[in-house]
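In: Pasting a predicted model and its sequence here:
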Amino acid sequence: MNPQIAHLYQITQKPSRLILGLMSGTSLDGLDLALCRFSGYGLQTQIDLLQHQTIPYPEEFKQSIREVFAKDNIHFPSLSTLNTQIGRLHAQYILDSLQHWGVKPADVDAIASHGQTVMHRPIRSGKLPHSTMQIGDGDHIAHLTGIITLSDFRQKHVAGGGEGAPLAVYGDYFLFSKKGEHRILLNIGGIGNFTYLSASQEPKDILVTDTGPGNTLLDAFVRQHFPGFQYDKDARLARQGILHIPLLDSLLNLPFFQEPFPKSTGPEYFNLELLQQVMKENNYSLTPVDTLRTLTELTAQCISLAMQTYIPNQKENHFKLIVSGGGSRNPLLMERLAKINPNMTVSQSDSLGIASEAKEAVLFALLANETLMDKHVSSERRLGDSPWLSLGKISLPN
């Protein structure tokens with residue numbers, strides 16, 4: 001037997017596993033790293049978040065990703081190079097972080113790498129299959145760190161009939177569901193998505209979907225119109241603006257918002273070109289701060305619309321809305337969510353014991369733990385509308 005296969009088997013026999021989760025989102029802020037100790041799996045999962053940090057990307061590196069990200073036409077050699085470059089950069093960030101934390105690579109059982117999304121393409125017409133692409137090859141990470149690496153999690157979800165997103169449902173259900181309490185776990189990254197966890201705690205009652213733009217339009221607009229700014233810190237810019245109802249209504253009438261749930265999307269659809277098209281078709285002329293205020297409202301409204309449309313028994317029940325991701329740090333957005341949804345108690349995911357900025361990296365570490373430990377894998381299982389499969393490809397170090 002290949003000794004690395006034997007080592008992989010030995011990891012599955014341990015009472016607990018040390019797994020490092022990696023997340024790099026569409027906002028391109030940097031790489032989130034979360035070092036977690038896991039025992040058990042499924043609803044018996046126990047997790048201890050030992051360390052976490054975000055390492056910002058150099059601006060030149062972010063620009064190289066933007067040149068291929070969600071583009072119809074790209075320089076293909078650049079994409080090929082980035083696939084390797086991202087894997088190698090992430091490997092260096094891992095080694096630097098482990099050294100900073102005083103952890104030996106040999107003590108880490110596995111790495112769970114999300115990679116960098118460069119294209120997400122659900123096609124609901126049925127004429128072509130859904131597809132999604134994350135780069136930053138796991139083989140480079142495994143070889144350079146010497147640690148078994150699980151990566152490319154979204155492909156199996158597509159193969160099993162899903163859209164490849166959102167994947168937070170697994171971790172949300174296993175870690176944060178609570179019998180007797182209706183919970184909505186909302187992540188506002190580049191795109192908004194939520195997991196609804198029924199008080200029944202039954203897998204069949206779970207609902208998970210993307211909602212539309214989270215920060216992607218906001219951040220892109222700020223970079224375009226406010227030189228030197230990467231995002232609207234504390235909503236200081238948006239608070240200077242006035243909400244433009246006609247633009248908001250025009251955006252909410254876009255085809256995506258008319259499609260049935262569940263669904264997924266990305267910056268391939270929600271981008272500045274789309275915004276400019278809507279404004280041009282309707283002869284809207286707004287100041288930058290008014291546009292930014294309206295885009296902030298769009299995020300709050302489309303999240304609320306998705307919850308009110310997709311989740312049953314809205315009027316009869318009280319819900320806890322627990323928010324993570326960069327949008328949870330936007331006070332105007334959080335205020336609007338609370339105002340629009342008076343039947344919900346709105347809080348940040350820190351209240352669950354996991355820092356908001358670490359949550360997605362933790363959830364991918366959990367996916368790796370599930371792939372290693374789940375004894376009941378079946379192509380027939382589902383979490384709500386999502387296929388419940390073992391996700392991720394395994395890369396051996398040598």
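Out: All right, it came through fine.
In: alpha carbons only for contacts and neighbour counts from here, please
Out: Fine.
In: ranges for the strands of the stretch 201-350 of the chain?
Out: Using DSSP state E, counting those that start in this stretch, the strands assigned to the stretch 201-350 of the chain run over residues 207-213, 319-324, 344-348.
In: and of those, who's closest to Ser24?
Out: Among those, strand 319-324 comes nearest to Ser24, with 14.8 Å by Cα to Cα.
In: CA atoms of that closest one as PDB?
Out: Coordinates of each C-alpha in strand 319-324 appear next as PDB, following Å, rounded to 0.1, in the frame of the first residue of the first chain:
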ATOM      1  CA  PHE A 319     -36.500  33.800  13.500                       C
ATOM      2  CA  LYS A 320     -32.900  34.400  14.500                       C
ATOM      3  CA  LEU A 321     -31.000  35.900  11.600                       C
ATOM      4  CA  ILE A 322     -27.300  35.300  12.200                       C
ATOM      5  CA  VAL A 323     -25.000  37.200   9.800                       C
ATOM      6  CA  SER A 324     -21.400  36.500   8.800                       C
END
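In: Check which helices and strands it is in contact with.
Out: Judged by 3 or more Cα pairs under 8 Å, 6 or more residues apart in numbering; DSSP states H and E, strand 319-324 is in contact with strand 182-188, strand 344-348.
In: If it's not too much trouble, I'd like the strands of the stretch 201-350 of the chain exported to JSON lines so that mean neighbour count sit alongside each entry.
Out: Conversion of the strands of the stretch 201-350 of the chain to JSON lines gives the following (neighbours: other Cα atoms under 10 Å):
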{"stretch": "strand 207-213", "mean neighbour count": "27"}
{"stretch": "strand 319-324", "mean neighbour count": "22"}
{"stretch": "strand 344-348", "mean neighbour count": "18"}
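In: Switch those strands over to a markdown table; also include mean pLDDT.
Out: Conversion of these to a markdown table gives the following (pLDDT from 0 to 100):
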| stretch | mean pLDDT |
| --- | --- |
| strand 207-213 | 96 |
| strand 319-324 | 94 |
| strand 344-348 | 93 |
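In: Dump those strands to CSV, plus distance to Asp72.
Out: Shown next, in CSV, are the strands of the stretch 201-350 of the chain (distance: least, Cα to Cα, whole Å):
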stretch, distance to Asp72
strand 207-213, 19
strand 319-324, 30
strand 344-348, 36
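In: Point out the one among those that comes closest to Phe76.
Out: Nearest of these to Phe76, taken as Cα to Cα: strand 207-213 at 27.2 Å.
In: Mind listing residues that contact the closest one?
Out: 165-166, 169, 190-197, 256-257, 261-267, 270, 298-299, 302-303, 306, 310-311, 384-386 (Cα atoms under 8 Å, 6 or more residues apart in numbering).
In: how many neighbours does Pro58 have?
Out: 11 (other Cα atoms under 10 Å).
In: do you know how far it is from Gln92?
Out: Between Pro58 and Gln92 the computed distance is 14 Å (Cα to Cα, to the nearest Å).
In: same thing with Gly180?
Out: Gly180 is 44 Å from Gln92, by Cα to Cα.
In: neighbour-wise, which of these two wins?
Out: Gln92 (15 against 10).
In: Helix, strand, or coil at Gly21?
Out: strand (DSSP: H, G, I helix; E, B strand; the rest coil).
In: Please tell me I have it right and it contacts Val362.
Out: Yes - counting by Cα atoms under 8 Å, Gly21 does reach Val362; the two are 5.6 Å apart.
In: Can you check which residues contact both of those two?
Out: Shared contacts of Gly21 and Val362 (Cα under 8 Å, 6+ apart): Ala34, Leu35, Cys36.
In: Quick check: phi and psi on the second one?
Out: This points to Leu35. Dihedral angles of Leu35 (phi, psi; degrees, to the nearest 10) stand at phi -90, psi 120.
In: what number of residues lie near it?
Out: Neighbour tally, Leu35, other Cα under 10 Å: 26.
In: Give the full set of residues in contact with it.
Out: Residues near Leu35 by Cα under 8 Å, 6+ apart: Leu18, Ile19, Leu20, Gly21, Leu49, Leu50, Gln51, His52, Val362.
In: Check the first one too.
Out: Remark: with contacts taken as Cα under 8 Å, 6+ apart, Ala34 is in contact with Leu20, Gly21, Leu22, Leu49, Leu50, Gln51, His52, Gln53, Ala358, Ala361, Val362, Ala365.
In: at 10 Å instead, please
Out: Going by Cα atoms under 10 Å, 6 or more residues apart in numbering, Ala34 touches 19-23, 49-54, 97, 111-112, 357-365.
In: sec struct for it, please.
Out: Three-state assignment for Ala34 (three-state DSSP): strand.
In: do the same with His52
Out: strand.
In: Please report the distance of it from Ser151.
Out: Per Cα to Cα, His52 is found 19 Å from Ser151.
In: Comparing these two, which shows the higher neighbour count?
Out: Ser151 (27 against 21).
In: Flag every buried residue along stretch 322-332.
Out: Ile322, Val323, Ser324, Gly325, Gly326, Gly327, Ser328, Arg329, Asn330, Leu332 (16 or more other Cα atoms under 10 Å).
In: and the fifth one, what is it in contact with?
Out: Spelled out, that is Gly326. Gly326 makes contact with Ser27, Asp29, Asn187, Ile188, Gly189, Gly190, Gly214, Asn215, Ser356, Glu357, according to Cα under 10 Å, 6+ apart.
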